[in-house]
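Q: Fold the following, please.
(one chain, ligands or ions: 1)
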Amino acid sequence: TQSDDEFYYGDFPEDFIWSSATSSYQIEGGWNASGKGVNIWDTFCHSYNGKVEGNATGDIACDSFNNWRQDVEMLKFLGVQFYRFSISWARIFPDGTNATINEAGIKYYSDLIDALIAANIKPFVTLYHWDLPQTLQDFGGWENETMIEYFNQYAIICFQRYGDRVKHWLTFNEPWVVAWQGYGEGSFAPGIVSPGVAVYKAGHTMIKAHAKAYHTYNDTFRASQKGVISITLNTDFKSPKNTSNPLDVAAGERCLQFSIGWFAHAIFKNGDYPEIMKEQVRSKSLAQGYNASRLPVFTEADQAYIKGTHDFFGLNTYTTQAVEHYVDPNSATNTPSYMDDQDRKESFDPSWPTSGASWLRMVPWGIRRLLNWLKNEYNDPEIFITENGISDRNATSVLLQDSWRVNFYNQYINNVLKAIRKDNVNVRAYTAWSLMDNFEWGRGYEEHYGLYYVDMSDPKRPRTAKDSAKWYKKMIADNGFKKNSSGAKINTGTL
Ligand code: GBH
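A: Numbering: from 1, shown residues only. All right, here's what the predicted structure looks like:
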């Protein structure tokens, strides 16, 4: 028998789903084309506030607003069963509300969906991948609970217009990023800096908005459309720095609760935040002079409404951190912060290979550990991995020969297979982020995740398959790892 960390040869289950993903603002361009309204990422980029590298914008991006037929051809080449993309809310409702429906925007996604289905690729649609209509931000965005009803109206039109053909829905992509980077540290649109207060308020509203859209689908559309709907949550695995120190072990667990448990505990467990998160934020808040916790409270009615609003577990994961127990001695007088609330320090083991992102180290066993943790924590859910991948920066000489990316996918996917075959984790799908190089948020066009290279200096934005695309195609065709597979050249190189 193989040792546990040896490479595992074998197949994925026959009905396993292979997929690749993008999001609207990152690829579409056409920022003011055919009646689209302005969204918060248009505003954020057009303010040239220094938070986006190179003052880049998504005005054109990969121009998938015009090039989407090529995108479908690329997906056909890969042989994926699913394509995960997102809808731009302001392309459907230019001012965010159902006062005006932009039929040209509706048609854009309708045509894409038809082409995917004709190619035997199932559309896997994210309703919200961070591009809130600007008019709604002007009302306070996710800090304002009226967003719950606006999001519901937007979800309704998507179900009405696309639900005959779309059977897999995600409400939110990574509310953690929206809350922390959008309202906490302010590195992402809308750029609000309120690391201990608005961060939690925004998260709270998104959980409720998710639940409402879920119920709408469940009550009004499911019977006729027969699809599934859930949310996709992100976390890195949190590994105790010193596994024989119980304080570090507890800190690792606490960090998982603060990162993915923040959203998953309510939706997948009991309608409420994790106990440890409630305790930590409350005691910190009181020590900081607040008379109540900075973490908002779900009423009993909220809890009953939120609990169970999932048909599967959507997971985005990329890396692992080493976690140490650490209490900042100045916690009571520092600016209150979601980060400080966790009483921890995070780092990387220096042996973990680097990537194009400072936050992303290649730690293949971490995905397996995380999948096991989710299985145990959330009662063995069906897990759809909706993003996983690795980036490079400015690596022009090796843009197409991306052997480190092949190595990353080879090892991460092998660990997913081990989770399924050795640990009995119910993983149903794997999604490579991303189909192509695109607008990488704060990193503009300097950091690349694509299976396809996109030449951003050419107005036609031509796409070229990298080695990783060819490797992924072969992997999908084999549905796993064959001992004598000839096509998939594995190079253990790192960036
Ligand atoms: C995904 O999020 C996004 O869904 C996708 O749109 C994006 O292109 C992809 O990542 C690659 O970035 O800099 O220390 O504050 C992944 C989850 C969580 C990863 C927050 C980056 C920032 C850590 N992200 N994290 S830090």
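
Q: Would you mind naming the helix or strand containing Asn438?
A: Using DSSP states H and E, Asn438 maps to neither a helix nor a strand.

Q: Can you give me the buried ones in stretch 291-310?
A: 293-296, 298, 302, 305-307, 309-310 (16 or more other Cβ atoms under 10 Å). For glycine as for every other residue, the C-beta is placed from the backbone atoms N, C-alpha and C.

Q: These also near the ligand: which ones?
A: Near the ligand, judged by Cβ under 6 Å from any ligand atom, there are no entries from the buried residues of stretch 291-310.

Q: what's the closest of those to the ligand?
A: Taking Cβ to the nearest ligand atom as the measure, His310 is the one of these closest to the ligand, at 18.5 Å.

Q: you'd agree the closest one is up against Lys269?
A: No: judged on Cβ atoms under 8 Å, His310 makes no contact with Lys269 at a distance of 10.5 Å.

Q: okay, and the helix or strand of the protein with the least pLDDT?
A: Lowest on mean pLDDT, DSSP states H and E among the helices and strands of the chain sits strand 392-393, with a mean of 92.

Q: counting contacts, what elements does the helix or strand hosting Tyr108 pack onto?
A: Following DSSP H and E, one finds Tyr108 within helix 103-118. Helices and strands touching helix 103-118, by 3 or more Cβ pairs under 8 Å, 6 or more residues apart in numbering; DSSP states H and E, are helix 64-78, helix 89-92, strand 122-128, helix 147-162.

Q: need these in TSV with mean pLDDT, distance to Ile385 and mean neighbour count, can you?
A: Formatted as TSV, those follow (pLDDT from 0 to 100; distance: least, Cβ to Cβ, whole Å; neighbours: other Cβ atoms under 10 Å):
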stretch	mean pLDDT	distance to Ile385	mean neighbour count
helix 64-78	98	16	19
helix 89-92	98	25	28
strand 122-128	99	12	24
helix 147-162	99	23	20
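
Q: As a markdown table, those with distance to Arg369 would be great.
A: Output for the helices and strands packed on helix 103-118, formatted as a markdown table (distance: least, Cβ to Cβ, whole Å):
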| stretch | distance to Arg369 |
| --- | --- |
| helix 64-78 | 28 |
| helix 89-92 | 35 |
| strand 122-128 | 26 |
| helix 147-162 | 33 |
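
Q: Tell me which of those sits nearest to the ligand.
A: Closest to the ligand of these is strand 122-128 (Cβ to the nearest ligand atom; 9.1 Å).

Q: now could you export just the CA positions of the closest one as PDB?
A: The C-alpha coordinates for strand 122-128 follow below in PDB (Å, rounded to 0.1, in the frame of the first residue of the first chain):
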ATOM      1  CA  LYS A 122     -23.300  23.300 -18.200                       C
ATOM      2  CA  PRO A 123     -23.400  27.000 -17.100                       C
ATOM      3  CA  PHE A 124     -22.500  27.400 -13.400                       C
ATOM      4  CA  VAL A 125     -23.600  31.000 -12.700                       C
ATOM      5  CA  THR A 126     -22.500  33.300  -9.900                       C
ATOM      6  CA  LEU A 127     -24.900  36.100  -9.300                       C
ATOM      7  CA  TYR A 128     -22.500  38.300  -7.400                       C
END
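
Q: Wait, Glu14 touches Asn479, no?
A: Yes: here Glu14 reaches Asn479: they are 7.4 Å apart, a contact under Cβ under 8 Å.

Q: which of those two has more neighbours?
A: Asn479 (15 against 6; other Cβ atoms under 10 Å).

Q: Next up, the contacts around Tyr8.
A: 2, 414, 417-418, 421-422, 481 (Cβ atoms under 8 Å, 6 or more residues apart in numbering).

Q: hmm, 10 Å instead?
A: 2, 414-415, 417-418, 420-422, 480-481 (Cβ atoms under 10 Å, 6 or more residues apart in numbering).

Q: Quick one: name the residues of the stretch 351-495 of the chain near the ligand.
A: Close to the ligand, as judged by Cβ under 6 Å from any ligand atom, the stretch 351-495 of the chain has residues 359, 387, 433, 440, 449.

Q: neighbour-wise, which of those residues leads?
A: Neighbour-wise, these (other Cβ under 10 Å) top out at Tyr449, 28 neighbours.

Q: need the contact list for that one.
A: By Cβ under 10 Å, 6+ apart, Tyr449 lies in contact with 21-22, 26, 318, 355-357, 360, 387, 389-392, 405, 432-438, 440, 443, 468.

Q: try 6 Å this time
A: 389, 391, 433-434 (Cβ atoms under 6 Å, 6 or more residues apart in numbering).

Q: Could you tell me which ranges of the stretch 1-150 of the chain sit under the pLDDT cut-off?
A: 1-2 (pLDDT under 70).

Q: Name the residues of it found near the ligand, please.
A: 23, 26.

Q: Point me to the residue of the stretch 1-150 of the chain nearest the ligand.
A: Counting by Cβ to the nearest ligand atom, the stretch 1-150 of the chain gets nearest the ligand through Ser23, at 5.2 Å.

Q: With adjacent residues omitted, what lies nearest to that residue?
A: Nearest residue to Ser23, sequence neighbours excluded (Cβ to Cβ, 6 or more residues apart in numbering): His129, at 3.7 Å.

Q: wait, isn't Arg393 in contact with Ser355?
A: No: if you go by Cβ atoms under 6 Å, Arg393 and Ser355 don't touch, sitting 8.5 Å apart.

Q: Could you give the number of residues near Pro329?
A: 7.

Q: tell me the SS of it?
A: coil (DSSP: H, G, I helix; E, B strand; the rest coil).

Q: Now do the same for it: its pLDDT.
A: Note on Pro329: pLDDT of 97.

Q: The buried residues of stretch 291-310 into JSON lines, with extra columns for secondary structure and pLDDT?
A: Below are these laid out as JSON lines (DSSP: H, G, I helix; E, B strand; the rest coil; pLDDT from 0 to 100):
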{"residue": "Ser293", "secondary structure": "coil", "pLDDT": "98"}
{"residue": "Arg294", "secondary structure": "coil", "pLDDT": "98"}
{"residue": "Leu295", "secondary structure": "coil", "pLDDT": "99"}
{"residue": "Pro296", "secondary structure": "coil", "pLDDT": "98"}
{"residue": "Phe298", "secondary structure": "coil", "pLDDT": "99"}
{"residue": "Asp302", "secondary structure": "helix", "pLDDT": "98"}
{"residue": "Tyr305", "secondary structure": "helix", "pLDDT": "99"}
{"residue": "Ile306", "secondary structure": "helix", "pLDDT": "99"}
{"residue": "Lys307", "secondary structure": "coil", "pLDDT": "98"}
{"residue": "Thr309", "secondary structure": "coil", "pLDDT": "99"}
{"residue": "His310", "secondary structure": "coil", "pLDDT": "99"}
